[in-house]
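Q: One predicted model, sequence on top.
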Amino acid sequence: MGVPTIIIVEIMGSSIPLVDLGVTIPASGIVTLSDTYTTAELQASTYLRTAVESDRARINDGITTLDKDESLQFLEQVASIADLQNVASVSNDGYMSSAQATKLSNINPEPLAVTQARRTTTLTMPTTWTDVAYNVTDVEVDPTVIEHDPTNTDRILIKEAGTYEIKYQFEVSPTTTGAFSGRVRINDATVVPGSTQSSTTYSGESDVISVTTAVQLAAGDYVTVQNQLATSGTMAVNATFSVLRLEGTQGPAGSGSTLTMQSAGIPLPNTPHSTLNVTGGGATFVDSGSGVVTLNIPTPAGTDVQLFDINETTGGQIIGDTVAPIQFDISEDVNTSTATFSWDGIDEVTILRAGNINVSAGLTIQQTAGNGRTITRLSLDHQPSAGVYSEKTARRLYTRNSSDGAFGSMQLVKAIVVGAGDKIRVQGQRVDGAGTIAVLGGETNLNIQWSP
């Protein structure tokens, strides 16, 4: 199978020898590893993994330079692109020949549809919610599915229904202290849950909002990014806005004339077919009588694209000096026919099967009372089914005087190996200062996705 684009970026100012690959990453330089090495070679390189784990180098996926956690997660995804195994065929003795398997292993998968737009000029920040226009299209893979609108350049057009990942990022430099915010809307009407984020920055400083969320969209929808600033200031150049479809492109229809194909009793498009090819281990055939053969394919754990998203919309929860879970009030289980997550309706998600998950929490707080600096600590915690909660990752937020309307936002991201019955939650604690810290409604969410 084809190797995904992998560019290694040295960030510490000193060269890195990748001895087992026979290449050296120059100081502050880059090397496109996917042009030279196979997936198996990159997977086996201990020097490459050590360079990323020690935070001396980062991965660029051909679009964006990822942070440390994202780089490690990307390497895990590369490792999952293994050689095709247990490939069965209805023809001959029921198995592909080695020549057929070799030929099939060299086929590149269809790329996922993605579009990224960018603004190369500054923008005077509005004081009310306003759409952001983007004058450059950096990437556009399959515009029949997703397209940056060439006329209304604030819009990315959705041409096929499905589950989509949306990202946006921009930097603001205010002339006076004030809060600034960003969000994504569907069809200039509906705000995408989990897309709103706010922060407070101070005169002479700058700050960045960066948000990733997932949503189901219909054919004909379009999405836009909006922002606003409470005072006055400027949005810096190179603000980005991207949309990725989380489902692969449908391949060409088969042809044939003798075999009628059905899915759960419903004929497939373009049936009948003359040949049935089966890939994947564990498939079984059953003679159902009357000339019908039923193929049973078990669903492998951890390979479906399933999203579970809970959001806090009412806000107001006070984070005190004692560690306590962050509470949510709305849940959404996206793109699944079999539930694999269970939410207790308050603050805890139970995992119902074993596998690998990617967890991200978008959190926004506000210092509603009290003056002086206050430090709030937020953590992403995991509890095995037969154990106790342990912290997987954490960050601290610093807020100042409530008279400034002090806000703080962050994202916690972590890949976790889980078993059936494990639990996930987000916890908060005020660790320094006397300010009153409240969770901001509409801008806090917990998102869990199965990792292929």
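A: That came through fine.

Q: For the lengthiest helix in the chain, report the contacting residues that lie outside it.
A: Using DSSP state H to define each element, the chain has its longest helix at helix 68-79. If you take CB atoms under 8 Å, 6 or more residues apart in numbering as the criterion, helix 68-79 is touched by 3-4, 6, 39, 42-43, 48-49, 52-53, 55, 57-59, 61, 66, 356, 358, 393, 413-415, 451-452. Bear in mind the C-beta positions are built from the backbone N, C-alpha and C, glycine included.

Q: Which helix or strand contains the spatially closest residue to Asn358 that is not a sequence neighbour?
A: For Asn358, ignoring the flanking residues on the chain, the nearest one in space by CB to CB, 6 or more residues apart in numbering is Gln449 at 4.8 Å. Taking DSSP states H and E as the definition, one finds Gln449 inside strand 444-450.

Q: Just give me the neighbour total for Gly62.
A: Neighbour count of Gly62, defined by other CB atoms under 10 Å: 12.

Q: er, Trp343 actually
A: Using other CB under 10 Å, Trp343 has 19 neighbouring residues.

Q: I'd like to know how far it sits from Tyr134.
A: Distance from Trp343 to Tyr134, counting by CB to CB, to the nearest Å: 36 Å.

Q: Quick one: the helices in the stretch 1-150 of the chain, in order.
A: Taking DSSP state H, counting those that start in this stretch as the criterion, the stretch 1-150 of the chain carries its helices at 39-44, 46-53, 68-79, 98-105.

Q: which parts of the helix or strand that contains Ser173 are buried?
A: Element membership of Ser173 [criterion: DSSP H and E] is strand 162-174. In terms of neighbour count (16 or more other CB atoms under 10 Å), strand 162-174 has its buried residues at 162-174.

Q: Check which element follows it along the chain.
A: strand 178-186.

Q: Packing partners of that following strand?
A: strand 162-174, strand 190-191, strand 197-201, strand 207-217, strand 222-229 (3 or more CB pairs under 8 Å, 6 or more residues apart in numbering; DSSP states H and E).

Q: Any idea which of the ones you listed has the lowest pLDDT on average?
A: For those, mean pLDDT drops lowest on strand 197-201, to a mean of 84.

Q: hmm, who's touching that strand?
A: 172-174, 177-183, 207, 209, 211, 233, 362, 364, 399-400, 404-409, 440, 443.

Q: Show the buried residues in the residues you listed.
A: If we count by 16+ other CB under 10 Å, these have these buried: 172-174, 177-183, 209, 211, 233, 362, 364, 399-400, 404-409, 440, 443.

Q: where in the stretch 301-450 of the chain is pLDDT low?
A: Low-confidence segments of the stretch 301-450 of the chain (pLDDT under 70): 301-309, 311-312, 332-339, 401-405.
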